[in-house]
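1. need the 3D shape of this:
(one chain, ligands or ions: 1)
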Amino acid sequence: MRGDGNGPGGTRAPDEATPVISVRQLSRAYQQGTTTVTALADVSTDFAAGRFTAIMGPSGSGKSTLLHCLAGLDRPTAGEVVLAGTALSRLSETARTRLRRDRLGFVFQAFNLVPILTVEENITLVERLGGHRLDHAWRDRLVALLGLADRLRHLPAQLSGGEQQRVAVARALVHRPAVVFADEPTGSLDSRTGGAVLRFLRQAVDEFGQTVVMVTHDPAAAAQADRVLLLRDGSIVADLATPTTDVLLSRLAALEAAA
Ligand SMILES: Nc1ncnc2c1ncn2[C@@H]1O[C@H](COP(=O)(O)OP(=O)(O)OP(=O)(O)O)[C@@H](O)[C@H]1O
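-> You can find the predicted model right below:
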């Protein structure tokens, strides 16, 4: 069942009514020589805790820019992101780095594992970096759920793409982040292994109350989400509740045709 269940390691699921991210009049412009490119134009929305949101849209519509601004990886030109109660614009670069490390989890298309560390060391990297004391029972549960128990001493290069992405997912969830940001998490995987990653993200939301925000080009992946935001030219043009793959395909085709 969606939206209820226990939080990570047995805590209560977060209150769905409380936005974990609030975005107000967010704009991001890039200067390219004498031209200004508007990547985001006056975006306002909220992301409820314990929900799975996908962000879709044609190439260049601003998906990555939005994700990067939400996660404090990029600074907007105007507007504000309040993440887990903290206004990002007020933070120094160091404080934003700390917030990303301590409160957020990231899954990228290219896995981004540390090649010289074992699977176990990659999963617990946050502990080495920040003196974070991890809940080892929760870590072991994640390892088991993601089918990684017999891979812990391997190096990333010894794993398949699907296994590497499952390690990245474990690393993203192990410190119980306020939000997991996933940028094309299935983009480098075939549909079967990508499906396993998506099912696990869905399970993390349903059973552990995790909040997930994912950028994807794949309508079948986005159809796993509770909510899909469609972007065009840096603006949200549709906000859809549990759309099917077919609905997303036709909405995206209409956006491409109108471009
Ligand atoms: N660092 C940058 N410098 C200049 N322009 C940029 C930069 N990053 C993004 N842009 C521009 O901003 C717009 C939005 O880019 P963004 O990468 O957010 O789109 P996207 O929807 O994620 O695209 P894609 O699906 O192709 O990854 C595009 O026109 C892009 O060229």
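2. I figured residue 230 was touching residue 253, is that so?
-> No. Between residue 230 and residue 253 there is no contact under Cβ atoms under 8 Å: 11.6 Å. Heads up, the C-betas are built off the backbone N, CA and C, glycines and all.
3. just want to know which of the two has more residues nearby.
-> Remark: of residue 230 and residue 253, residue 230 carries more neighbours, 24 against 10, as counted by other Cβ atoms under 10 Å.
4. now that one. Nearest residue, chain neighbours left out?
-> Excluding its sequence neighbours, the residue lying closest to residue 230 (Cβ to Cβ, 6 or more residues apart in numbering) is residue 238, at 4.0 Å.
5. low-confidence stretches in the stretch 101-250 of the chain?
-> Scanning the stretch 101-250 of the chain for pLDDT under 70 picks out the ranges 131.
6. where along it do the strands fall?
-> With strands called from DSSP state E, counting those that start in this stretch, the stretch 101-250 of the chain shows them at 104-108, 179-183, 212-215, 227-232, 235-241.
7. helices or strands up against the third one?
-> Okay, so that is strand 212-215. Using 3 or more Cβ pairs under 8 Å, 6 or more residues apart in numbering; DSSP states H and E, the elements in contact with strand 212-215 are strand 52-56, helix 63-70, strand 179-183, helix 191-208.
8. who touches that strand?
-> With Cβ atoms under 8 Å, 6 or more residues apart in numbering as the test, strand 212-215 has contacts from 21, 47, 51-56, 63-64, 66-67, 70, 179-185, 201, 204-205, 221-222, 225.
9. out of those residues, which touch the ligand?
-> 63, 64 (Cβ under 6 Å from any ligand atom).
10. residue 102: neighbouring residues, count only.
-> 15.
11. tell me the contacts of it?
-> By Cβ under 8 Å, 6+ apart, residue 102 lies in contact with 126, 130, 132, 175.
12. now the second one: closest residue in space that isn't a chain neighbour?
-> Residue nearest to residue 130 in three dimensions, not counting chain neighbours: residue 101, with 5.4 Å by Cβ to Cβ, 6+ apart.
13. pretty sure the one you found sits against residue 126.
-> Yes. Counting by Cβ under 8 Å, residue 126 is a contact partner of residue 101 at 6.4 Å.
14. find residues that contact each of these two.
-> Joint contacts of residue 101 and residue 126 (Cβ under 8 Å, 6+ apart) do not exist.
15. quick one: name the residues of the protein near the ligand.
-> Residues of the chain lying close to the ligand (Cβ under 6 Å from any ligand atom) are 30, 32, 37, 39, 57, 59, 60, 61, 62, 63, 64, 65.
16. can I get those in JSON lines with pLDDT and neighbour count?
-> Output for those, formatted as JSON lines (pLDDT from 0 to 100; neighbours: other Cβ atoms under 10 Å):
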{"residue": "30", "pLDDT": "95", "neighbour count": "12"}
{"residue": "32", "pLDDT": "90", "neighbour count": "8"}
{"residue": "37", "pLDDT": "94", "neighbour count": "12"}
{"residue": "39", "pLDDT": "97", "neighbour count": "23"}
{"residue": "57", "pLDDT": "96", "neighbour count": "26"}
{"residue": "59", "pLDDT": "93", "neighbour count": "8"}
{"residue": "60", "pLDDT": "94", "neighbour count": "15"}
{"residue": "61", "pLDDT": "95", "neighbour count": "23"}
{"residue": "62", "pLDDT": "97", "neighbour count": "24"}
{"residue": "63", "pLDDT": "97", "neighbour count": "26"}
{"residue": "64", "pLDDT": "96", "neighbour count": "16"}
{"residue": "65", "pLDDT": "97", "neighbour count": "25"}
